[in-house]
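> Here's my sequence, what's the structure:
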Amino acid sequence: MSNPAKQDELLILLDQHKRILHKIAGSYGRTAADRQDLVQEMVVQLWRSFGTYDDRYRFSTWMYRVALNVAISFHRSEARRSRYLVPAEDSILEIAAVAPALANEDVRLLYEAMARLAELDRALLLLHLDGNTYDTIAEILGISQTNVGTKLSRLKQRLRRDLPRTD
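Purely as a prediction, here's the structure:
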């Protein structure tokens, strides 16, 4: 992108919507380093793709679509790479995995449950938890609104079954 006005526009939009990137990275990255790398990859891809953004649509919708595609690709490559890693002692892994403390135990349990979901289900739940409407989620993920509702209902049932109750 060589147009300075477009560069400034993207930087302003990225600053306004940076929480989206961090939420996605938090759901798809296992360690702090993974999350940081993932945010950088998403920004690079958004930068490269900004010329294709159609401003008739909401920026956040387009950003979610690009960022989720990057996150899913990142997750797949990490899964392939982890098959060939040599196991390290727990003490080494604890030092390497310096993750920010989550707000509370319920949030930590939710993130752990989300990490066990399939890529599309994780993206769907993340978008729902972020307060997006069914039509926005459908547009971002490229599925029907009915499919969004059905999948969300099944995900909620699964989470109710799998997560411990903390009443």
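
> Return the distance of the residue lying closest to Leu126 once chain neighbours are set aside relative to Leu10.
Nearest residue to Leu126, sequence neighbours excluded (Cβ to Cβ, 6 or more residues apart in numbering): Ser27, at 5.0 Å. (C-beta placed from N, C-alpha, C; glycine too.) Distance, Ser27 to Leu10, by Cβ to Cβ, to the nearest Å: 23 Å.

> Now name the helix or strand holding the residue nearest to the spatial centre of the chain.
Among the residues of the chain, the one closest to the centroid is Ile24, at 2.0 Å (Cα atoms, centre = their mean). Applying DSSP states H and E as the criterion places Ile24 in helix 18-28.

> Give me the contact list for the host helix or strand of Lys156.
Here Lys156, judged by DSSP H and E, is contained in helix 145-162. Outside helix 145-162, the residues that touch it by Cβ atoms under 8 Å, 6 or more residues apart in numbering are 110, 113, 117, 120-121, 124-125, 128, 134-135, 137-138, 141, 143.

> Output the below-cut-off pLDDT ranges for the chain.
Low-confidence segments of the chain (pLDDT under 70): 1-2, 78-103, 166-167.

> Let me see the contact set for Met63.
Leu13, His17, Ile20, Leu21, Leu46 are the contacts of Met63 under Cβ under 8 Å, 6+ apart.

> Run the chain-centre distance for the helix holding Lys156.
In terms of Cα atoms, centre = their mean, to the nearest Å, the centre of helix 145-162 is set 18 Å apart from its chain centre.

> how about that helix: buried residues?
By 16 or more other Cβ atoms under 10 Å, the buried positions in helix 145-162 come out as Val148, Lys151, Leu152, Leu155.

> just stretch 26-43 next, same as before
Neighbour counts over stretch 26-43 (16+ other Cβ under 10 Å) mark Gly26, Ser27, Tyr28, Gly29, Asp34, Arg35, Leu38, Val39, Glu41, Met42, Val43 as buried.

> quick one on the thing from earlier: and the contacts of Met63, which two are the farthest apart?
Maximum pairwise distance in the contacts of Met63, criterion Cβ to Cβ, is 11.5 Å, between Leu13 and Leu21.
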